[in-house]
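S.K.: Generate coordinates for the sequence data below:
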Amino acid sequence: MQKKVIRGVALLDMTVTLPFALPFIAEIMILIISELDRWLGFYTPSGQFDIGPLAMMFVHIMGVLGVIWALARLHMVSLYLARMDAVARLAVAALIVSAIAQGATPVLWLFVLTEIGGSAAQFSVLRRKVISPPVAHQ
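M.R.: So this is what the prediction gives:
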């Protein structure tokens with residue numbers, strides 16, 4: 001059960017961060033977030049969604065790091081990595097909440113929910129010490 005939850009959270013990370021790692025697809029994802037913002041009636045000023053090359057570089061870096069981190073957790077399931085991920089998710093959720101408080105689209109609450117949900121899921125299985133020590137794959 002532990003391994004399934006930890007791998008499931010990592011797989012979710014992979015599906016959410018991979019599009020942001022890829023040029024052109026990341027831009028489409030940002031447009032989708034912008035359209036969702038309008039569809040839900042938030043009408044966050046469009047300037048919030050104008051992203052230049054420097055900002056897109058950071059979006060792609062976030063995506064690449066998210067994919068690599070997810071791959072590491074998929075291939076080396078360990079309590080240590082799951083604990084690190086669960087704590088990091090709370091920090092990321094706080095950063096997203098801070099961005100929303102500063103005027104970013106409320107659509108980002110969906111990301112806050114996935115971060116807190118992934119953290120809660122992993123903390124719930126971390127209480128059981130069942131997983132064997134991690135073995136690095138070559």
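S.K.: So which residues make contact with whichever strand or helix holds G66?
M.R.: G66 is part of helix 53-75 when elements are defined by DSSP states H and E. Helix 53-75 is contacted from outside by 6-7, 9-11, 13-14, 16-23, 26-27, 30, 51, 81-82, 85, 137, using CB atoms under 8 Å, 6 or more residues apart in numbering. The way it works is simple: take the backbone N, C-alpha and C, and place the C-beta from them, glycine included.
S.K.: Tell me, how many residues neighbour the residue nearest to A10 when sequence neighbours are not counted?
M.R.: In space, and not counting its chain neighbours, A10 is closest to R73: 3.9 Å by CB to CB, 6 or more residues apart in numbering. Neighbours of R73 under the rule other CB atoms under 10 Å: 22.
S.K.: for the chain, what spans make up the helices?
M.R.: Assigned by DSSP state H, the chain shows helices spanning 2-21, 25-39, 53-75, 79-101, 109-126.
S.K.: Can I get these in a markdown table including mean pLDDT?
M.R.: Output for the helices of the chain, formatted as a markdown table (pLDDT from 0 to 100):
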| stretch | mean pLDDT |
| --- | --- |
| helix 2-21 | 96 |
| helix 25-39 | 94 |
| helix 53-75 | 95 |
| helix 79-101 | 97 |
| helix 109-126 | 96 |
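S.K.: so which of those gets nearest P45?
M.R.: Nearest to P45 among the helices of the chain is helix 25-39; the distance by CB to CB comes to 9.9 Å.
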